[in-house]
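Participant: Attaching a predicted model along with its sequence, questions to come.
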Amino acid sequence: MWRGLWCVSTMSCSWAQSTFWLKPATVTINCPSVVYFYDNQVDTTGPGGLGCGAVSSRNYQDVTDVTVTFNTSNGSCIRDSLILPFLNTTICSGDTLYIYDGASTSAPLIRKMSAGANTTNFTTLGPSLTFRFKADQSSNARGWQMLLRCTPCVSAPLNDDCLNATPLVSGATCQYTPGFINHPTNPTATVPACSGIPNGNDDVWYRFTAAATIDTIRVQSVFPMDAVVQLFSGNCSALNLLQCVNNTGGGGVETLVATGLTVGQTYYIRVFDFNGGGGTATYNFNICVIARSPTDCAGAIQLCTTTPYTGSCKAGDFGIQEYSPATFGCMIFGEHSTNWLFWQMGSNGTLGFNIHSSNGSPQDIDFALWGPLSGLHCPMSSPPIRCSIATQYATNSYGQPPYSTGLQAAETDVSEPPTGNAFVDTVNVKAGQYYVLLIDVWSGNMNYVFQFQLSNGATINPCVLPVELISFRGEVLPWANQLYWVTLSEYHVAEFVVERSTDGHSFEAIDLVAAAGTSTSMKSYTYTDTDPPAGHAYYRLNIRDADGSQQYSHVVHLERYSKSQLKVSPNPTLGPFSVEIPCAQPTLVQMELCNSLGQQLFQHEVLLDAGKHLLSYDLTGFAPGVYYVRATGLWPGHSFSAPILVR
């Protein structure tokens with residue numbers, strides 16, 4: 001007979017109303033399912049007459065240590081599982097519920113719930129979820145219930161693990177590479193943590209070969225991602241944490257200046273969200289490595305926030321001697337131990353700043369400030385607008401740290417000789433202007449602190465990209481591939497170029513979508529690829545600015561199943577066989593079995609979710625010959641069939 005060996009519908013099939021004892025066991029569920037734990041049982045029918053006044057014999061038992069694993073019937077992941085005490089009860093003191101993301105207690109622990117716990121929400125990485133419940137001898141309660149719902153499993157980024165770290169090129173300028181986190185697998189083992197920062201497992205990894213002793217790593221995250229950036233030496237089995245930054249919050253630019261690098265050596269970068277974000281949502285960012293030394297103007301470090309910046313000047317390390325009598329102003333002795341910084345003003349106002357040694361020790365710190373400029377153009381072509389080569393003092397009249405120098409509003413001069421008080425006048429600035437600062441230490445090593453002191457509305461441009469791309473995703477429709485993206489803000493954006501690839505490497509432009517231009521409100525866009533390739537398709541956005549600059553989004557991967565045939569195996573068969581059914585979206589499919597004359601022998605309907613489904617059948621007892629399996633409903637106005645040979 002024509003027999004369906006397993007149910008494929010996640011909504012129209014119900015779980016058999018039977019009770020499973022909570023011993024080490026595996027239970028297959030259909031979503032959505034409500035599962036109850038009481039009286040040391042797992043049950044899908046509920047606790048029956050158990051109520052607030054129920055007898056204690058229905059409670060779970062003391063000295064309990066039981067494990068059960070749930071598997072979804074269609075291979076989906078488990079989404080938004082809700083664990084809560086029913087009937088005003090809770091887990092007792094001394095008792096603990098452990099939740100593992102996988103098919104056993106050796107899988108990653110994702111939740112640990114004890115006395116007073118009420119609810120928790122999470123999404124699994126695969127189709128299995130394991131619970132282990134341990135109770136001591138002190139007390140017991142009526143237990144808990146969980147609501148299991150299903151969602152298609154989301155693949156982790158390819159560079160989710162250190163061993164698969166994406167290579168970056170350390171270049172002369174920042175060339176952003178798009179990245180994302182969306183669903184972590186197991187974190188790389190024994191990853192050293194940053195002090196005071198949760199060591200999340202929503203990480204992705206990059207590697208680069210140092211091209212200079214000082215390289216700059218920049219990560220531009222898209223809100224709400226709050227990027228944490230770590231730098232490691234060593235290898236993936238023995239990582240040595242060198243530096244860690246998390247200064248700017250959601251949507252900010254994190255800048256890690258890696259010092260003391262060995263040219264030619266490989267280093268590893270780990271990026272994750274401070275708040276443990278990601279999950280099934282996609283958090284986007286851009287990352288680059290700049291091979292340059294801040295001892296030279298061309299390697300100047302861009303400051304993107306008003307957060308105090310700590311830098312380091314090494315004795316005698318000035319890179320290229322860029323001194324010129326025509327362009328260095330009061331700094332007549334040239335460079336000694338230098339750092340170059342630059343920034344862009346975000347709004348009009350008054351620019352002031354302070355520079356001092358990080359430990360308060362006496363140091364001879366000189367500086368020169370150039371601007372306003374249209375960008376970082378090296379070497380400097382005009383004299384500085386502010387300059388000081390004065391020796392600093394332990395005290396000053398401005399309440400600044402010991403041995404400080406900088407710009408103060410009470411000053412009227414623009415240049416300080418060696419015998420001056422080390423402070424010069426502030427600067428009136430306008431939005432969009434760039435300023436370049438040279439910090440020079442006369443002798444010795446010094447770690448310094450640079451602190452903006454802005455007033456009258458002045459701000460620093462946060463170095464954001466022309467577009468804040470909140471999301472970019474795709475969907476396979478029966479007749480097309482549909483793309484969706486949302487921007488939080490746009491600044492002089494001309495257009496979005498939609499690019500497509502079939503291998504994920506070689507992209508070609510397939511269309512243009514006009515941008516809003518400049519906007520501070522959320523904008524939504526869609527694009528329909530009406531002629532998508534069968535199989536794998538990769539999409540990205542080339543975001544073009546009005547000035548000709550461009551940036552790329554992360555890549556969206558869609559898999560489109562063949563429209564021409566069903567997949568039947570084994571073929572030939574002695575009876576049992578399976579049909580692989582591709583669904584672009586939830587679909588009611590009519591399945592038929594016909595003989596070689598086209599006569600219908602059997603027919604049934606199944607409701608399928610989006611994705612691949614495997615329908616199992618058995619033709620044992622049928623006469624040998626050719627039969628046909630036909631599916632209707634997968635594509636508007638079309639039926640698809642495949643032959644099956646019964647021996």
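Facilitator: Looks like it came in fine.
Participant: What are the buried residues along stretch 616-630?
Facilitator: In terms of neighbour count (16 or more other C-beta atoms under 10 Å), stretch 616-630 has its buried residues at 617-619, 622, 627-630. All C-beta spots, glycine's among them, are computed from the backbone N, C-alpha and C.
Participant: Those: which two are farthest apart?
Facilitator: Largest separation among these by C-beta to C-beta: 618 and 630, giving 17.6 Å.
Participant: For the residue nearest to residue 320 when sequence neighbours are not counted, list the residues it contacts.
Facilitator: In space, and not counting its chain neighbours, residue 320 is closest to residue 296: 5.1 Å by C-beta to C-beta, 6 or more residues apart in numbering. Remark: with contacts taken as C-beta atoms under 8 Å, 6 or more residues apart in numbering, residue 296 is in contact with 319-320, 322, 340, 378.
Participant: Looking at these, which is nearest residue 267?
Facilitator: Of all the contacts of residue 296, residue 267 sits closest to residue 319, with 20.8 Å by C-beta to C-beta.
Participant: List the neighbouring strands of whichever strand or helix holds residue 475 plus their orientation.
Facilitator: Applying DSSP states H and E as the criterion places residue 475 in strand 467-476. Its sheet considered, strand 467-476 pairs with strand 481-490 (antiparallel) by DSSP bridges.
Participant: Helix or strand next in line after the partner strand, which one?
Facilitator: Following strand 481-490 toward the C-terminus (DSSP H and E): strand 493-501.
Participant: then that following strand to PDB, C-alphas only?
Facilitator: These are the backbone C-alpha positions of strand 493-501, laid out as PDB (Å, rounded to 0.1, in the frame of the first residue of the first chain):
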ATOM      1  CA  VAL A 493      24.100  58.400  -0.900                       C
ATOM      2  CA  ALA A 494      23.500  58.200  -4.600                       C
ATOM      3  CA  GLU A 495      22.400  54.600  -5.200                       C
ATOM      4  CA  PHE A 496      22.400  51.000  -4.200                       C
ATOM      5  CA  VAL A 497      24.000  48.700  -6.800                       C
ATOM      6  CA  VAL A 498      22.600  45.200  -6.400                       C
ATOM      7  CA  GLU A 499      25.300  42.600  -7.100                       C
ATOM      8  CA  ARG A 500      24.900  38.900  -7.600                       C
ATOM      9  CA  SER A 501      27.200  35.800  -7.600                       C
END
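Participant: so how far is the helix or strand following that strand from its chain's centroid?
Facilitator: Once the chain leaves strand 493-501, the next helix or strand it forms, by DSSP H and E, is strand 508-514. Taking C-alpha atoms, centre = their mean, to the nearest Å, one finds the center of strand 508-514 at 26 Å from the center of the full chain.
Participant: Mind giving me the packing neighbours of strand 508-514?
Facilitator: For strand 508-514, the elements it packs on are strand 493-501, strand 523-529, judged by 3 or more C-beta pairs under 8 Å, 6 or more residues apart in numbering; DSSP states H and E.
Participant: Let's have these in TSV, adding distance to residue 647, mean neighbour count and mean pLDDT.
Facilitator: Formatted as TSV, the helices and strands packed on strand 508-514 follow (distance: least, C-beta to C-beta, whole Å; neighbours: other C-beta atoms under 10 Å; pLDDT from 0 to 100):
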stretch	distance to residue 647	mean neighbour count	mean pLDDT
strand 493-501	43	20	91
strand 523-529	43	15	91
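Participant: In a markdown table, list those strands along with distance to residue 593.
Facilitator: What follows is the helices and strands packed on strand 508-514, written out as a markdown table (distance: least, C-beta to C-beta, whole Å):
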| stretch | distance to residue 593 |
| --- | --- |
| strand 493-501 | 38 |
| strand 523-529 | 35 |
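Participant: among the ones you listed, which is nearest residue 457?
Facilitator: In terms of C-beta to C-beta, the element of the helices and strands packed on strand 508-514 nearest to residue 457 is strand 493-501, at 26.1 Å.
Participant: Just give me how far that closest one sits from the chain centre.
Facilitator: In terms of C-alpha atoms, centre = their mean, the centre of strand 493-501 is found 22 Å from the chain centre.
Participant: Now do it: which elements does it pack against?
Facilitator: The contact analysis (3+ C-beta pairs under 8 Å, 6+ apart) places strand 493-501 against strand 508-514, strand 523-529, strand 535-545.
Participant: What lies in contact with the first one?
Facilitator: The contact list for strand 508-514 (C-beta under 8 Å, 6+ apart) reads 495-501, 525, 527, 529, 542.
Participant: for these, which one is nearest residue 608?
Facilitator: Among the contacts of strand 508-514, residue 529 lies closest to residue 608 (C-beta to C-beta), at 23.2 Å.
Participant: lowest-confidence helix or strand of the chain?
Facilitator: Counting by mean pLDDT, DSSP states H and E, the chain has its least confident helix or strand at strand 19-21, which shows a mean of 29.
Participant: which element follows that strand toward the C-terminus?
Facilitator: strand 25-29.
Participant: Distance from the chain centre to that next one, please.
Facilitator: Put simply, strand 25-29 sits 32 Å off its chain's centre (C-alpha atoms, centre = their mean).
Participant: Using TSV, lay out the contacts of strand 508-514 together with distance to residue 287.
Facilitator: Conversion of the contacts of strand 508-514 to TSV gives the following (distance: C-beta to C-beta, whole Å):
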residue	distance to residue 287
495	24
496	21
497	21
498	23
499	20
500	23
501	21
525	24
527	26
529	28
542	18
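Participant: Show the contacting residues for the closest residue to residue 343 other than its chain neighbours.
Facilitator: Spatially, and ignoring its direct neighbours in sequence, residue 343 is nearest to residue 303 (4.3 Å; C-beta to C-beta, 6+ apart). Listed by C-beta under 8 Å, 6+ apart, the contact set of residue 303 reads 255, 309, 341-343, 450, 452, 460.
Participant: is it possible to export the residues you listed to a markdown table including distance to residue 483 and secondary structure?
Facilitator: Converted to a markdown table, the contacts of residue 303 look like this (distance: C-beta to C-beta, whole Å; DSSP: H, G, I helix; E, B strand; the rest coil):
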| residue | distance to residue 483 | secondary structure |
| --- | --- | --- |
| 255 | 32 | strand |
| 309 | 39 | strand |
| 341 | 40 | strand |
| 342 | 37 | strand |
| 343 | 36 | strand |
| 450 | 43 | strand |
| 452 | 41 | strand |
| 460 | 35 | strand |
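Participant: Closest one to residue 516 out of those residues, please.
Facilitator: Distances from residue 516 to those, taken as C-beta to C-beta, are shortest for residue 460 (25.3 Å).
Participant: low pLDDT regions in the stretch 301-450 of the chain?
Facilitator: Filtered on pLDDT under 70, the stretch 301-450 of the chain yields no residues whatsoever.
Participant: try it again with 80
Facilitator: 316-320, 443-444 (pLDDT under 80).
Participant: quick one: the strands in it?
Facilitator: Along the stretch 301-450 of the chain, the stretches classed as strands by DSSP state E, counting those that start in this stretch are 301-302, 309-313, 337-347, 349-351, 353-357, 365-373, 386-388, 405-407, 415-416, 423-424, 427-429, 434-441, 446-452.
Participant: now the ones you listed in a markdown table, with mean neighbour count and distance to residue 272?
Facilitator: Converted to a markdown table, these look like this (neighbours: other C-beta atoms under 10 Å; distance: least, C-beta to C-beta, whole Å):
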| stretch | mean neighbour count | distance to residue 272 |
| --- | --- | --- |
| strand 301-302 | 21 | 23 |
| strand 309-313 | 19 | 23 |
| strand 337-347 | 23 | 27 |
| strand 349-351 | 20 | 35 |
| strand 353-357 | 23 | 32 |
| strand 365-373 | 22 | 36 |
| strand 386-388 | 27 | 40 |
| strand 405-407 | 27 | 36 |
| strand 415-416 | 20 | 45 |
| strand 423-424 | 25 | 42 |
| strand 427-429 | 18 | 36 |
| strand 434-441 | 22 | 32 |
| strand 446-452 | 19 | 27 |
